[in-house]
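Peer 1: Sharing a model that was predicted from the sequence below.
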Amino acid sequence: MNATIIVALISSFAAILIGIANFISARITLRHNKATVLELERLKDELDRKKQARLFAVKQAEKEIDAIDRAISCIQRLKETLYLAITCLPDTVSTEVIIAALKLDIEKLVTLYEDDFSMLKSVTKQSVHDIKTFSADALFLLKSYLNNATYVSLSDEQKNTLAHKRSRLTEQQEVLRDIKYNIITRIAS
């Protein structure tokens, strides 16, 4: 055989071997690419699920923070009404006005509890429930002091008792603020 034919056959055989090697390499690369694409899709789906869960948690936390802010405002109105009872009875405010204001404040707190806190976490829910009960007790106590009279002066002891109730409401506000801070911290992390 001619040397040119042998060189051509060897070249052809080498080309076939290189083609087979490239084909095998391409198949291996394709398998790795498919595995990589599948892994990327899985990671993308997992990231999307985590993102959705985080968004849901943030929305729930925002609702809880909003409800806590409204509860703190309700408590503040209760404290202001008690302050009026302590400082203004009977000089500038009648007992009916104080009782009506306290009832309204407590009704707002009860409505807030029923609307917003029934679905919240137990610590927050329990705190607002305690405040609601405590406020109703303060109203009952004040009514017992006033004895359905229009203008009544409270004794120093009664004023001190109401002032203590008012300071307890301040403590409850601080508890709610701490809960709110913990929620904000949890969201931020």
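Peer 2: Nice, I can see it.
Peer 1: State the next helix or strand along the chain beyond the longest helix along the chain.
Peer 2: Ranked by number of residues, the top helix in the chain under DSSP state H is helix 3-88. Later in the chain than helix 3-88, the nearest helix or strand by DSSP states H and E is helix 95-112.
Peer 1: So which other helices or strands are in contact with that next one?
Peer 2: helix 3-88, helix 122-146 (3 or more CB pairs under 8 Å, 6 or more residues apart in numbering; DSSP states H and E). The way it works is simple: take the backbone N, C-alpha and C, and place the C-beta from them, glycine included.
Peer 1: just the angle between it and helix 122-146, please?
Peer 2: For helix 95-112 against helix 122-146, the angle by axes from the mean of the first three to the mean of the last three CA atoms, to 10 degrees is 160 degrees.
Peer 1: got the buried residues for helix 95-112?
Peer 2: 95, 97-99, 101-102, 105-106, 108-109, 112 (16 or more other CB atoms under 10 Å).
Peer 1: returning to that earlier point: for the longest helix of the chain, packing partners?
Peer 2: Using 3+ CB pairs under 8 Å, 6+ apart: helix 3-88 touches helix 95-112, helix 122-146, helix 156-188.
Peer 1: Can you tell me which of those helices has the worst average pLDDT?
Peer 2: Least confident of those, judged by mean pLDDT, is helix 122-146 with a mean of 81.
Peer 1: now what about it, what contacts it?
Peer 2: The contact list for helix 122-146, computed with CB atoms under 8 Å, 6 or more residues apart in numbering, reads 64, 67-68, 71, 75, 78, 82, 85, 89, 95, 98-99, 102-103, 105-106, 109-110, 112-113, 117-118, 152, 154, 158, 161-162, 165, 168-169, 172, 175-176, 179.
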